[in-house]
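Participant: Model the following, please.
(one chain, ligands or ions: 2)
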Amino acid sequence: MNTIGVLTSGGDAPGMNAAVRAVVRTAIAMGMKVKGIRRGYNGLIEGDIVDLDIRSVSDIIHRGGTVLYTARSPRFKTEEGIKEAIDNCKKHGIEGIVAIGGDGSYRGARDLSLRGIPCVGIPGTIDNDISSTDYTIGFDTAMNTAMEMVDKLRDTSQSHDRCSVVEVMGRRAGHLALQTGIAVGATAVLVPEVEFEIENVIEKIKATQKTGKKHFIIVVAEGVGGVEEIAKKIEEETGVESRATVLGHVQRGGNPTIRDRVMATEMGYAAVKLLNEGIGNRVIGWKNGEIVNYDIYEGLNMKKPFDEEMYEIANTTSI
Ligand code: ADP
Ligand code: F6P
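Facilitator: Ligands and ions are numbered 1, 2, ... in the order given. Next up is the predicted model:
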C-alpha cells in the first residue's frame, strides 16, 4: 500500500488525536503517504482531504477533541454516498483507511472494505461500549472528568446535607456511570442495563440515613435519564433536599489521560501495521491485556456483557 487515509467519526473522544498522530507517524515510518479525511465519512464524500506529514501531527498528543474534526454522516449510508466516497478514494490515491470511532463507524469501515478499500477500525468513544474490545479510547479521561465533577458536587452536597442526582453520559451503555459511581461512592447507580425501581433507591437512602448518612450521590446514566424527576421524588419521599445536575459534554473534552494516550498510540500503530501487510476489514481491540484484532463482521457481532459483579460491588460498598 502506498497511501492510506485516516478519519475520526461519530462522537469525539479524548485520545483520538494521539491515535491520529500514531497512524500518521507509523505509516510514514513504514514508507507510506497519509491523507487526513476531515469530518468523518462526510469528508470522504465531499473530498475534504488533506496531506498529512510528520510535523502536521506535532503538538496534538495531549489535546482533546480531534484535529480532523468529526461528524455523523447519514449520506454515507446511502448507495450514492458510498459511491462518491469510493470515487474520492480513487481520486486521492487512498488505498486503505484507518477509521477511529464507535460501532457505527465500524459499519462504515466494513462497507468500504467490502467495496475494495481495506479499512481498519480503532475504538474511540467515551462510552466503552464496543464489544470487540475491553477498552475504548477516551473512556479513562471521561471517567476521570466525571469523577472530578461529582467530587465538586459532593462538597456542596455535604455542606447542605443534600442529595445530588447526577446524569453522566451513556445513552445505551452504563459503563461510564458504573465506574464513576464506584469512584465517587454513590449511594445508587442507575444504568440502562439494569431495571430499577425508584422505591428501592428511596429505601436505600432511608436505610443509610438510619446509620448516620446525611448527604447522598445518585449517579444516573443518560440512557436512564429523568434526573429532575428522580431528585423531586427523593426529596418528597425522604425529606432530603435534592438537586439534579446533567454533566453533559464536558465529559467528552479535556486533555487525554496517560492511559488514553498510550492506548491510542498502541492501537494506531497496530492498525497501520495491518494495512501495511495488505490486511483490511479488521478492528483493533484490547482484550485481556493485549492488543488484538478481529474481522469487522465478527467484531460487530460480539456481545459485551454488563459487568454484573461490578454492579454488585457498587451496591455492596455503598450501604
Ligand atoms: P459511532 O461511530 O460513535 O458509533 P455513529 O453511530 O454516529 O457513531 O456512526 C458514525 C458514522 O458511521 C455515521 O454517521 C455513518 O456515517 C457511519 N455509519 C453508521 N452506521 C452505519 C451503517 N449501518 N452503515 C454504514 N455506515 C454507518
Ligand atoms: O457516544 C458518545 C456519546 O457522548 C454518548 O455518551 C452520548 O449519549 C452521545 O455521544 C451524545 O451525542 P451528541 O454529541 O450527538 O449529543
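
Participant: for the protein, what's the longest helix?
Facilitator: helix 139-160 (DSSP state H).

Participant: so how far is that helix off the chain centroid?
Facilitator: 19 Å (Cα atoms, centre = their mean, to the nearest Å).

Participant: Need the contact partners of the following helix or strand past it.
Facilitator: Remark: after helix 139-160, the chain's next helix or strand is strand 163-168, criterion DSSP states H and E. With Cβ atoms under 8 Å, 6 or more residues apart in numbering as the test, strand 163-168 has contacts from 146, 149-150, 153-154, 156-157, 176-177, 180, 205, 215-222, 225, 227, 230-231, 234-235, 238, 240-248, 251. For every residue, glycine as well, the C-beta is placed using N, CA and C.

Participant: swap the cut-off to 6 Å and go again
Facilitator: 146, 150, 153, 157, 176-177, 180, 216-220, 222, 227, 230-231, 234, 240, 242-247 (Cβ atoms under 6 Å, 6 or more residues apart in numbering).

Participant: out of those residues, which touch ligand 2?
Facilitator: For ligand 2, the contacts drawn from the contacts of strand 163-168 by Cβ under 6 Å from any ligand atom are E222.

Participant: Sort out for me which of the contacts of strand 163-168 are in strands.
Facilitator: Mapping the contacts of strand 163-168 onto strands (DSSP state E) picks out 216-220, 242-246.

Participant: Can I get the buried ones among those as something I can paste into PyMOL?
Facilitator: Those of the ones in strands among the contacts of strand 163-168 that count as buried under 16 or more other Cβ atoms under 10 Å are selected in PyMOL with:
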select buried, resi 216+217+218+219+220+242+243+244+245
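
Participant: Make CSV out of the ones in strands among the contacts of strand 163-168 and add pLDDT and distance to ligand 1.
Facilitator: Listed next are those as CSV, based on pLDDT from 0 to 100; distance: Cβ to the nearest ligand atom, whole Å:
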residue, pLDDT, distance to ligand 1
F216, 98, 33
I217, 98, 28
I218, 98, 27
V219, 98, 22
V220, 98, 21
S242, 98, 33
R243, 98, 31
A244, 98, 27
T245, 98, 25
V246, 98, 20
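
Participant: Distance to I94 added to the ones in strands among the contacts of strand 163-168, as TSV?
Facilitator: What follows is the ones in strands among the contacts of strand 163-168, written out as TSV (distance: Cβ to Cβ, whole Å):
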residue	distance to I94
F216	53
I217	48
I218	48
V219	43
V220	43
S242	53
R243	51
A244	47
T245	44
V246	40
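
Participant: Return the residues of this structure in contact with ligand 2.
Facilitator: 11, 125-127, 169-171, 222, 252.

Participant: the helices in this protein, which residues?
Facilitator: Using DSSP H, helices in the chain cover 16-29, 40-46, 79-91, 103-114, 139-160, 175-184, 198-210, 227-238, 258-276, 296-300, 308-316.

Participant: I'd say A271 and V98 touch.
Facilitator: Yes: A271 lies in contact with V98 (Cβ atoms under 6 Å); the separation is 4.7 Å.

Participant: Need the overlap of contacts for these two.
Facilitator: Contacts common to A271 and V98, judged by Cβ under 6 Å, 6+ apart, are V120.

Participant: ok, the ones in strands among the contacts of strand 163-168 vs ligand 2, which is closest?
Facilitator: Distance to ligand 2 across these (Cβ to the nearest ligand atom) is lowest for V246, with 11.5 Å.
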